[in-house]
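1. 3D model of this:
(one chain, ligands or ions: 2)
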Amino acid sequence: MNSLSIITPDDWHLHLRDNPYLEAVVNDTARQFRRAIIMPNLDPPVRSCADALAYRERILAALTAGSDFEPLMTLYLTDNTRVEDIVAASASPYIHGAKLYPAGATTNSDAGVTDLARLARVFEAMQKHGFILQIHGEATAPEVDVFDREKVFIDQSLARIRHDFPELPVVFEHITTRDAVEYVSAADGNLAATITPHHLLINRNAIFQGGIRPHHYCLPIAKREAHRQALVTAATSGDRRFFAGTDSAPHSRQAKETACGCAGIYSAHSALELYAETFELADDFTHFEAFMSRNGADFYGLPYNQGRVRLERESWTVPASLPYPDTGLIPFKAGESLRWKQILDA
Ligand code: DOR
Ligand code: ZN
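-> Ligands and ions are numbered 1, 2, ... in the order given. Reported below is the predicted structural model:
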């Protein structure tokens, strides 16, 4: 097979930041994807409908003229999120869920949730309105081993949320373990998961290959090879509960290459090609379109996109660095070659 054509995909988990960073990255995503779920972990976070709608306008303004890219906004849950905020957001055609960051779990999560019990009324309202809960699923207690945080979160928190709110639609974001694949596979229709291109392509060895590799540091951190293989099996299976969500998370070179570097991998420059690389390595494109372009839309209750994207088998080299304020941006797979290339219509 030398060419691929699929329904234009969506990115169900994306960080765009705010200006001046936003305008440096948003068109990378818009070139490949028709829609994306926009993460609300700005500083300060996107907490209200007004915040989300204002951020949406800034995203639209940063797009290249003529782009039909649609940002799907989310709210950031805090200990003080009000039921009224959820009811208003669920009535908005522009807001598609609320994100749970356990406090301290990752970048800009300090305002996140310290105690799930405080959100009972919020979850109840979300369940009632069918408003999707996106979860960063990692336990934050400092004694939990960094490689076990996802599994501990499943056992201690996710299982409880799903027990108490069985009808609440949940997306378990950026899963990294076989445990998460098994948990989602065993669940009913209200639970789905996104999988990033980097967790499909690297295991934890990549973080320490010949020295410390800050550009492979993200959260949740990459796990053992057996976990990566479980993710590939899930992504290529056609199971409707698994879909693409890049978690592309830009940080300037200087913020990554320092004594205490930020977590996040930038993949938006070639996300579609990186996912194609995964399916190529698995030697099975049967469910590529389902994973990229249909499963997520089905879960979010949105129509499939009208357009199509094309890829051709053509080896090319990812740039060593991309333009970005401060010190530039090092993309995932910088300087390495990929086997599939998106073909843009003239
Ligand atoms: O690696 C990550 N980077 N994981 C997250 O959960 C957040 C993200 C970011 O915003 O930089
Ligand atoms: Zn993220």
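2. Now do the contacts for the closest residue to Gly264 other than its chain neighbours.
-> Nearest non-adjacent residue to Gly264, counting by C-beta to C-beta, 6 or more residues apart in numbering: Ala249, 3.0 Å away. No exception for glycine: its C-beta is placed from N, CA and C like everyone else's. Residues near Ala249 by C-beta atoms under 8 Å, 6 or more residues apart in numbering: 15, 107, 218, 263-266.
3. Same check on Arg253?
-> With the criterion set at C-beta under 8 Å, 6+ apart, Arg253 makes contact with 321, 324, 326-330.
4. quick one: is the helix or strand that contains Val25 near ligand 1?
-> Val25 belongs to helix 21-32 when assigned by DSSP states H and E. No: if you take C-beta under 6 Å from any ligand atom as the test, helix 21-32 misses ligand 1, and the best it gets is 11.0 Å.
5. now stretch 180-197
-> No: with C-beta under 6 Å from any ligand atom as the criterion, ligand 1 is not reached by stretch 180-197; the gap is at least 9.1 Å.
6. if you average pLDDT over that stretch, what comes out?
-> Averaging pLDDT along stretch 180-197 yields 96.
7. Could I get the buried residue list for that stretch?
-> 180-181, 183-185, 187, 190-197 (16 or more other C-beta atoms under 10 Å).
8. and which of the contacts of Ala249 is nearest to Gln306?
-> Each of these was scored against Gln306 by C-beta to C-beta, and His15 proved nearest at 26.3 Å.
9. Quick one: low-confidence residue ranges for this structure.
-> Applying pLDDT under 70 to the chain picks out residues 346.
10. The top helix by length along it: which residues count as buried?
-> Longest helix of the chain, by residue count under DSSP state H: helix 49-62. If you call a residue buried by 16+ other C-beta under 10 Å, then helix 49-62 has these buried ones: 49, 51-52, 55-56, 59, 62.
11. Which stretches in this structure count as helices?
-> 21-32, 49-62, 83-91, 120-129, 149-153, 159-164, 178-185, 197-201, 225-236, 253-256, 271-282, 288-289, 295-300.
12. taking these together, which one is wrapped up most tightly?
-> Greatest average neighbour count among these goes to helix 197-201 (a mean of 24), per mean count of other C-beta atoms under 10 Å.
13. now it, how far from the chain's geometric center?
-> Offset of helix 197-201 from its chain centre (C-alpha atoms, centre = their mean, to the nearest Å): 12 Å.
14. could I get the buried residues of helix 49-62 as CSV with distance to ligand 1?
-> Converted to CSV, the buried residues of helix 49-62 look like this (distance: C-beta to the nearest ligand atom, whole Å):
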residue, distance to ligand 1
Cys49, 22
Asp51, 17
Ala52, 17
Tyr55, 14
Arg56, 18
Ile59, 16
Ala62, 18
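15. and those as a markdown table, adding distance to Arg149?
-> A markdown table is the format used below for the buried residues of helix 49-62 (distance: C-beta to C-beta, whole Å):
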| residue | distance to Arg149 |
| --- | --- |
| Cys49 | 31 |
| Asp51 | 28 |
| Ala52 | 28 |
| Tyr55 | 28 |
| Arg56 | 31 |
| Ile59 | 30 |
| Ala62 | 33 |
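16. hmm, back to that, which of the contacts of Ala249 come close to ligand 1?
-> Among these, the ones lying near ligand 1 by C-beta under 6 Å from any ligand atom are 15, 107, 218, 263-264.
17. Quick one: name the residues of the protein near ligand 1.
-> Applying C-beta under 6 Å from any ligand atom, one finds that the chain approaches ligand 1 through 15, 41, 106-107, 136, 218-219, 249, 263-264.
18. quick one: which of those is nearest Gln229?
-> Cys218 (18.7 Å).
19. what's the closest non-adjacent residue to that closest one?
-> Nearest non-adjacent residue to Cys218, counting by C-beta to C-beta, 6+ apart: Ile265, 4.6 Å away.
20. how far away is the one you found from Ala206?
-> 10 Å (C-beta to C-beta, to the nearest Å).
21. Next: His215.
-> 9 Å.
22. higher neighbour count, the two?
-> Between His215 and Ala206, counting by other C-beta atoms under 10 Å, His215 is the more crowded of the two (22 against 15).
23. joint contacts of Ile265 and Ala206?
-> Listed as contacting both Ile265 and Ala206 by C-beta under 8 Å, 6+ apart are His216.
24. related to what we said a few turns ago, export the helices of the chain to CSV and tack on distance to Ile343?
-> Formatted as CSV, the entries for those read as follows, by distance: least, C-beta to C-beta, whole Å:
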stretch, distance to Ile343
helix 21-32, 11
helix 49-62, 25
helix 83-91, 38
helix 120-129, 40
helix 149-153, 36
helix 159-164, 42
helix 178-185, 32
helix 197-201, 19
helix 225-236, 23
helix 253-256, 30
helix 271-282, 11
helix 288-289, 16
helix 295-300, 23
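25. Of all these, which one comes closest to Ala111?
-> helix 49-62 (12.1 Å).
26. and that closest one, what other elements does it pack with?
-> Packing partners of helix 49-62 (3 or more C-beta pairs under 8 Å, 6 or more residues apart in numbering; DSSP states H and E): helix 21-32, strand 35-38, strand 70-76, helix 83-91.
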